[in-house]
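Enquirer: Quick one, structure for this:
(one chain, ligands or ions: 1)
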Amino acid sequence: MSETVFSPAASIAGAGLGLRSEHYQHIFDNKPDVPWFELLSENYMADGGLPLVRAEAIRASYPITLHGVGMSLGSVDPLNMSYLSRLKKLADRLEPTYISDHIAWVSVNNQYTHDLLPLPYIEEAQKIIAEKINQAQDFLGRTLLVENPSSYLTFIQSDMSEETFIGEVLKDTGCELLLDINNLYVSAINHGFSAEDYLAALPKDKVKEIHLAGYEDRNGYLFDTHGYPVHDPVWKLYRKAIAMFGSVPTLIEWDTDVPAFDVLLAESNKAQKILDGMTSP
Ligand SMILES: [Fe+2]
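Expert: Numbers count the residues shown, from 1 in each chain. I've put the predicted structure just below:
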């Protein structure tokens with residue numbers, strides 16, 4: 001495979017899109033006016049092959065970020081160095097603006113689940129995840145972004161709020177926040193806390209990227225499916241977040257029942273108008 005040289009780690013701004021395989025050809029054929037794309041790291045962590053060729057072709061025309069689910073930062077397992085080595089190789093190749101993962105755990109005793117599982121918000125878990133983030137940042141040689149989870153249960157052992165936990169982890173590690181407004185709304189409704197108070201408690205200078213997505217209302221709780229347009233209450237919360245944090249680069253995530261590219265583009269245009277201050281908070 002050729003060693004393509006990209007402009008190093010271009011900064012991102014505006015409303016980008018999550019890159020999905022259904023849209024490769026449309027993007028190559030039409031070169032749509034999208035400010036940046038987010039690639040799912042695990043889809044491209046190989047030594048070669050068509051997905052990587054496509055990722056390089058996208059990166060040749062657009063800034064990108066790498067977003068993963070496999071670091072298992074909240075697990076008591078040691079970091080998976082094989083995974084991190086492959087991620088580092090991918091990052092060296094694609095020069096992403098950011099690398100992000102989640103405030104969650106996906107493995108225990110080296111058995112991996114397909115779910116991002118929540119942590120108890122206690123000091124012991126704070127120390128565990130902070131140590132992992134520090135190790136990962138040292139290995140990758142860059143600052144990570146970590147994303148707030150959506151969740152369906154809380155632990156009776158938790159003795160601090162999620163926003164306090166996240167604030168402490170950010171302080172312990174110097175990492176930055178990928179604020180998922182849909183996740184926040186889903187968790188706030190499921191657990192009955194104030195999403196506005198949560199936003200107000202976050203360190204403003206640490207919010208570097210925002211995610212928006214669609215949830216499913218399952219009569220009694222909200223489920224984070226990433227299979228719908230962004231719902232009105234999430235847009236409302238997003239406007240409040242932009243009023244508080246400024247014009248933070250924002251991404252539309254759509255992972256199931258992926259629609260035509262133009263549907264995604266219409267969603268990102270809606271976010272762009274809010275970022276541009278064209279709709280009031
Ligand atoms: Fe997200």
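Enquirer: Only C-alpha atoms from now on, for both contacts and neighbour counts.
Expert: OK.
Enquirer: Which one of the residues in the stretch 1-150 of the chain is closest to the ion?
Expert: Nearest to the ion, among the residues of the stretch 1-150 of the chain, is Glu147, at 6.8 Å (CA to the ion).
Enquirer: my read is Leu177 is in a strand, agree?
Expert: Yes. Counting by DSSP: H, G, I helix; E, B strand; the rest coil, one finds Leu177 located in a strand.
Enquirer: who's it bridged to?
Expert: For Leu177, the beta-bridge partners are Val146, Val207 (DSSP bridges).
Enquirer: So which elements touch the longest helix along the chain?
Expert: Using DSSP state H to define each element, the chain has its longest helix at helix 123-140. Helices and strands touching helix 123-140, by 3 or more CA pairs under 8 Å, 6 or more residues apart in numbering; DSSP states H and E, are helix 81-94, helix 162-173.
Enquirer: Could I get the buried residue list for the first one?
Expert: In this case it means helix 81-94. Leu84, Arg86, Leu87, Lys88, Leu90, Ala91, Arg93, Leu94 (16 or more other CA atoms under 10 Å).
Enquirer: okay, the angle between that helix and helix 123-140?
Expert: 50 degrees (axes from the mean of the first three to the mean of the last three CA atoms, to 10 degrees).
Enquirer: chain center to helix 81-94: distance?
Expert: 18 Å (CA atoms, centre = their mean, to the nearest Å).
Enquirer: Check which helices and strands that helix is in contact with.
Expert: Checking 3+ CA pairs under 8 Å, 6+ apart, helix 81-94 ends up next to helix 50-61, helix 123-140.
Enquirer: In TSV: those, plus mean pLDDT, distance to Asp159 and mean neighbour count.
Expert: TSV is the format used below for the helices and strands packed on helix 81-94 (pLDDT from 0 to 100; distance: least, CA to CA, whole Å; neighbours: other CA atoms under 10 Å):
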stretch	mean pLDDT	distance to Asp159	mean neighbour count
helix 50-61	95	43	17
helix 123-140	97	8	18
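Enquirer: is it possible to export these to a markdown table including distance to Lys270?
Expert: A markdown table is the format used below for the helices and strands packed on helix 81-94 (distance: least, CA to CA, whole Å):
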| stretch | distance to Lys270 |
| --- | --- |
| helix 50-61 | 23 |
| helix 123-140 | 33 |
